[in-house]
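Student: how would this look folded up:
(2 chains)
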Amino acid sequence: DAKTTQPPSMDCAEGRAANLPCNHSTISGNEYVYWYRQIHSQGPQYIIHGLKNNETNEMASLIITEDRKSSTLILPHATLRDTAVYYCIVSFYNQGGKLIFGQGTELSVKP
Amino acid sequence: KAGVTQTPRYLIKTRGQQVTLSCSPISGHRSVSWYQQTPGQGLQFLFEYFSETQRNKGNFPGRFSGRQFSNSRSEMNVSTLELGDSALYLCASSLDYLGVTEAFFGQGTRLTVV
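Tutor: Here you go, the predicted structure:
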């Protein structure tokens, strides 16, 4: 079973920041938090991952709480092309390619 | 560089038949994972191969099997197809262990069993 809980859906206005929450209260000390997204009918796309510290790349920022029980993915300036299902996944560093997907959050970016 | 290539993109099979799906990973990637996606169950992990060895396996019946070749290309086979096997089958490749780099997914093979 997935170790994460995400809201099933969210809306965001185009150009605004999209903040997607994820609860992972049973995360263990050496498990990473990964975010992927899936645009309709395409394969999932990696976004970002982190262990303890906040991370940022060209796509998004990942904010992990100090107790690591929750995290937030931030898309700073959402566009219509960011409409997708976003998956938060907790996984060991050496899990060997095994991703356990939950139901994800369906993000709708509206004009 | 070329992404993960899955063939065929679409497939229609009859109950009881078997099917083989192919996945060519990104050059240099040695880990290949397979997933099944259905509207009811979402994305589910099938198995993962690394250097021709199955390293992880999900909770699927023995009708689902796979293999990896020395060039890292992978195939998955489903025997005695059932209607419930209709799904999008996704392949992902990564450089080594998941944590080293991200997993790159192909576009998938849409299998319809009639």
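Student: A:Ala18 and A:Ala78 touch, don't they?
Tutor: Yes - applying CB atoms under 8 Å as the test, A:Ala18 and A:Ala78 come out as touching, 4.3 Å apart. To be clear about C-beta, it is placed using only N, CA and C from the backbone, and glycine gets the same treatment.
Student: any shared contact partners between the two?
Tutor: Counting by CB atoms under 8 Å, 6 or more residues apart in numbering or on different chains, the residues touching both A:Ala18 and A:Ala78 are A:12, A:107, A:109.
Student: tell me the contacts of the first one?
Tutor: Which is A:Cys12. Neighbour list for A:Cys12: A:18, A:75, A:78, A:82, A:107-110 [criterion: CB under 8 Å, 6+ apart].
Student: just confirm it is within a helix.
Tutor: No - read with DSSP: H, G, I helix; E, B strand; the rest coil, A:Cys12 is strand and lies in no helix.
Student: the nearest residue to it once chain neighbours are set aside and chain B, how far apart?
Tutor: Excluding its sequence neighbours, the residue lying closest to A:Cys12 (CB to CB, 6 or more residues apart in numbering or on different chains) is A:Ala18, at 4.1 Å. Relative to chain B, A:Ala18 is positioned 20 Å away (CB to the nearest CB, to the nearest Å).
Student: what are the ranges of the strands in chain A?
Tutor: A:9-13, A:18-23, A:31-38, A:45-50, A:55-56, A:61-64, A:70-75, A:84-92, A:105-110 (DSSP state E).
Student: note down every partner strand of the longest one and its orientation.
Tutor: Spelled out, it's strand A:84-92. Strand pairing for strand A:84-92, using DSSP bridges, gives strand A:31-38 (antiparallel), strand A:105-110 (antiparallel).
Student: ok, the shortest one next?
Tutor: Sheet pairing for strand A:55-56, assigned by DSSP bridges, gives strand A:61-64 (antiparallel).
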